[in-house]
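*Asks:* Structure of the sequence below:
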Amino acid sequence: MPLRTPGAPTIDPRIRALPAAEIRRRFVAFFAARGHEVVPSASLVPAGDPTLLFTNAGMVQFKDVLTGAETRSYRRAVDYQRCLRVAGKHNDFEEVGRTPRHHTLFEMLGNWSFGDYFKREAIHFAWEFLTEELGIPGERLAATTYSDDELARSVWREEIGLPPERMAAWGDVDAGDDHNFWRMADTGPCGPCSEIHFDRGQQFSEGPGCLPDHAETCPRWLEIWNLVFMEFDQRPEGRVPLPFASVDTGLGLERLASVLQQVPSNYDTDLFTPLHERLREMLGHDPETFEHERFSYQVIADHARAVTFLVADEVRPANEGRGYVLRRILRRAVRHGRLLGRREPFLAALAGVVVETMAGAYPYLLERAAEIRAVVSREEAQFARTLDAGTAMLETTLEPLAVGEPVVGRLPESLPPDAPVLPGAVAFRLHDTYGFPIDLTVDMAAEHGVRVDRPGFEVALAEQRERSRSGRKAELAHHAETAAAYEAILRRVGGPTFLGYQTTSAEGRVVALLRAGREVERVEPEASSGAGELAGAGEVVEVVLDRTPFYAESGGQVGDQGVLRATTEGVVLLEVEDTQRPVGAQVGGLIVHHGRALAPLAVGDLVEAVVDDERRARTMRNHTATHLLHRALRNVVGDRA
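*Replies:* Now for the predicted structure:
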């Protein structure tokens, strides 16, 4: 596909090429020498913040410090933070591979001031690091400010000495223009910002209106650093001043590496080229073929990095929440491997390259390398079993609808309103039977000039979930054989210890397994479902533990979902799709985990039970809101509510 690439820059002999690892090291050392505490990168899974799926900015781990809710022993900090942007307000998933700058996973270098220095010092620090520490010529840098931020503008103009032609002011947040006004989400700390842009050269200018701006509408300018001046807390009722003003800066490592290594794309830096080279070696591609297939190479390289860090941060493939995001990313990469002609597994090998490339900055990757390889290999193999059949089914359906020749990488948004439509029921069948994430189906259909009926897909998905829930509840209520089995288990082992009010992750021992309403000693998902007591691949089974953090459906609040994992290798044994108490069993009765067996599991096994805490938090909020609404209705209309 034609990529949105700005072309190769003219080599500037004044700029010293530096490896990304050296840029990262110099950044931390520069600010540490100026009184900043070196703070380790936080996990991609935000700690104690169920409102976020992933850490999507450097400020996530400092949010409570910025609002004054948390006090730390330091007022200046420096860090490099791994971030993931695949959902919510900041979502770059659809742009990955198409542009030279967008990624799912990226690193944000940041320096922070919590009520210490403010705009003037932040601007001077940034200028000194770029021009003196790294040696970037000052005349190749430009700055933008918020429209009414006269202090920042005067520092750039009068103290740094930027000429007017390399300055621009943007934004009017009250009028809906967020240019140069940064916020992490719809609520939380926010404030005006000043961006530093690198001038790629006059040859990339698109006319007199070519000015640096956040949207990078002119390819001459590349935003590399954003200095955010946190002054406000955005609340649903409006903005209020923060207890103290702070500085939150974000310098994209991948972008800065492309500047210093003088390459046209982040994907041409040493953060990505080892992945390209390893994949080329596996495929036997020459440089010309690589350039022709660059889109798929870039998707795979980006996604290999994201998958590696997600698994290292203990996210596991699942059908909802964070695990589903991991599954989407991984399966999209596998499909692009197929487009390149690769039928054998390859992602685990690329994950190994990521570990080698990044372990210097993130040593924990080495500690978890074997687990990363195992999880990636298993998920890749699972999808490979259905990918070809699902692709054949989709292409057969698309054939009479297709418009023109297929174009790999065509944006769904680029299709005309009257483009042919793939029914939502077909997209759901691909999802349910062949494991195709909906965005993968949307991408593949767009390549053929066909849109997907997303609302129809969502309806089919909701109906299937309701059928599954109704079926499970009916089985619990009416299956006499199952009821007898539950009673026997309860008499034999007693009720489990419920830990869900203290933790969302705990070890427990399997004390009972049920398949089709009958107790079994062991399930083997890879075996045929007709082989005696062995469960078929992905078949729903029921597990009882002696200890569990899983909340069973009660009082109108639905049961928890999550996973049961092996305590040693971290292998996912069961995807817990629902948690129930058998009808008649009150407090102290059984807690039954319903889910799909993905690996061998036996009575007596020690497992790690891990609740999807983000889903639980969302469920609790909805449940509480329902109670509040009902109470309000009773106050208004009485007991009829």
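*Asks:* Where do the helices of the stretch 501-641 of the chain begin and end?
*Replies:* In the stretch 501-641 of the chain, the helices defined using DSSP state H, counting those that start in this stretch lie at 613-637.
*Asks:* Tell me where the stretch 351-500 of the chain is predicted with low confidence.
*Replies:* Along the stretch 351-500 of the chain, segments meeting pLDDT under 70 span 471-480.
*Asks:* For V86, list the residues it contacts.
*Replies:* V86 makes contact with L53, F54, D92, F93, T104, A306, V325, R328, I329, according to CB atoms under 8 Å, 6 or more residues apart in numbering. The C-beta positions use only the backbone N, C-alpha and C, and glycine is treated the same way.
*Asks:* what's across from it in the sheet?
*Replies:* Beta bridges link V86 to N91, judged by DSSP bridges.
*Asks:* What lies in contact with the helix or strand hosting K63?
*Replies:* Using DSSP states H and E, K63 maps to helix 63-67. Helix 63-67 has contacts (CB under 8 Å, 6+ apart) with 49, 59, 70-72, 114, 184, 188-189, 230, 233, 242-243, 246, 248.
*Asks:* what about that helix, distance to the chain center?
*Replies:* Here the centre of helix 63-67 is set off from its chain's centre by 22 Å, with CA atoms, centre = their mean, to the nearest Å.
*Asks:* Can you show me the CA trace of it as PDB?
*Replies:* Extracted as PDB, the C-alpha positions of helix 63-67 are listed here (Å, rounded to 0.1, in the frame of the first residue of the first chain):
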ATOM      1  CA  LYS A  63      -1.600  11.500  38.600                       C
ATOM      2  CA  ASP A  64      -2.300  11.600  42.300                       C
ATOM      3  CA  VAL A  65       0.900  13.600  42.900                       C
ATOM      4  CA  LEU A  66      -0.200  16.200  40.400                       C
ATOM      5  CA  THR A  67      -3.500  16.600  42.100                       C
END
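*Asks:* partners of the following helix or strand past that helix, with directions?
*Replies:* Downstream of helix 63-67, the first helix or strand assigned by DSSP H and E is strand 76-84. Next to strand 76-84 in the sheet, as set by DSSP bridges, lie strand 37-38 (parallel), strand 105-114 (antiparallel).
*Asks:* Need those in TSV (columns: mean neighbour count and distance to R338).
*Replies:* TSV is the format used below for the strands paired with strand 76-84 (neighbours: other CB atoms under 10 Å; distance: least, CB to CB, whole Å):
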stretch	mean neighbour count	distance to R338
strand 37-38	14	43
strand 105-114	24	22
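*Asks:* okay if I get these as a markdown table plus distance to L339 and mean pLDDT?
*Replies:* Shown next, in a markdown table, are the strands paired with strand 76-84 (distance: least, CB to CB, whole Å; pLDDT from 0 to 100):
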| stretch | distance to L339 | mean pLDDT |
| --- | --- | --- |
| strand 37-38 | 42 | 98 |
| strand 105-114 | 21 | 97 |
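*Asks:* Out of these, the one nearest G135 is which?
*Replies:* Comparing the strands paired with strand 76-84 by their distance to G135 (CB to CB), the top pick is strand 105-114, with 17.0 Å.
*Asks:* What average pLDDT does the helix or strand following the closest one get?
*Replies:* Downstream of strand 105-114, the first helix or strand assigned by DSSP H and E is helix 119-128. Averaging pLDDT along helix 119-128 yields 98.
*Asks:* Give the buried residues for helix 119-128.
*Replies:* Neighbour-count burial for helix 119-128 flags K119, E121, A122, I123, F125, A126, W127 (criterion: 16 or more other CB atoms under 10 Å).
*Asks:* Equivalent analysis for stretch 274-289, please.
*Replies:* L275, H276, R278, L279, R280, L283, H285.
*Asks:* Could you list which of the residues you listed belong to helices?
*Replies:* Judged by DSSP state H, the buried residues of stretch 274-289 include L275, H276, R278, L279, R280, L283 as members of helices.
*Asks:* Just send those residues back as JSON lines, with pLDDT and distance to F428 too.
*Replies:* Formatted as JSON lines, those follow (pLDDT from 0 to 100; distance: CB to CB, whole Å):
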{"residue": "L275", "pLDDT": "98", "distance to F428": "34"}
{"residue": "H276", "pLDDT": "98", "distance to F428": "36"}
{"residue": "R278", "pLDDT": "98", "distance to F428": "36"}
{"residue": "L279", "pLDDT": "98", "distance to F428": "32"}
{"residue": "R280", "pLDDT": "97", "distance to F428": "37"}
{"residue": "L283", "pLDDT": "96", "distance to F428": "33"}
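*Asks:* Looking at the contacts of V86, which gets the smallest pLDDT?
*Replies:* D92 (68).
*Asks:* what about the helices in the stretch 351-500 of the chain?
*Replies:* Secondary structure of the stretch 351-500 of the chain (DSSP H, counting those that start in this stretch): helices at 364-367, 369-398, 424-434, 438-447, 454-478, 480-493.
*Asks:* what angle separates the second one from helix 424-434?
*Replies:* If I follow you right, that is helix 369-398. Relative orientation of helix 369-398 versus helix 424-434 (axes from the mean of the first three to the mean of the last three CA atoms, to 10 degrees): 140 degrees.
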